[in-house]
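Asks: Based on what follows, work out the 3D shape:
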Amino acid sequence: MNKLSVKLLMLLTFLIAFLFALTAQAGEGIALTWKTKNGGWRACGPVQCLQTGYKTEKEALSKVVGYYSATYSTKYGRCNMYKVTGVKSYDVSDAIIKRNAQCR
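Replies: Numbers count the residues shown, from 1 in each chain. Have a look, this model is predicted:
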């Protein structure tokens, strides 16, 4: 094998691994919602964390879970915690969501 063939084989291997990671099995994650002092709702989830408030909790939650499915789970400090199904490995992790949310 020449050097070009080896490099192409390595590139192909990398691309296959990358595509496999993108299509990895979906898992579970969380989303957190909380009411602000102004009466609005904010949320943080696997898609994003909101910097502005929304009129309803449902609206705020939909912005942070995107097309994933969310069901109420429990209280987390002053927040409502939702279990989110279908989360991918490249979405925001639970640890970052908890750190960025204003639940304490």
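Asks: contacts and neighbour counts: CA atoms only from here.
Replies: OK.
Asks: pLDDT value on the residue nearest the centre of the chain, please?
Replies: Nearest to the geometric centre of the chain sits P46, at 1.2 Å (CA atoms, centre = their mean). For P46, the model assigns a pLDDT of 96.
Asks: Need the phi and psi values for the closest residue in space to it that isn't next to it in sequence.
Replies: Among residues not flanking P46 along the chain, V92 sits closest, at 4.5 Å (CA to CA, 6 or more residues apart in numbering). Backbone torsions for V92, taken as degrees, to the nearest 10, come to phi -60, psi 130.
Asks: Give me the neighbour count for V92.
Replies: If you count neighbours by other CA atoms under 10 Å, V92 ends up with 18.
Asks: low-confidence ranges in the protein?
Replies: 14-25 (pLDDT under 70).
Asks: what distance separates the start and the end of stretch 70-87?
Replies: End-to-end span of stretch 70-87 (CA to CA, to the nearest Å): 10 Å.
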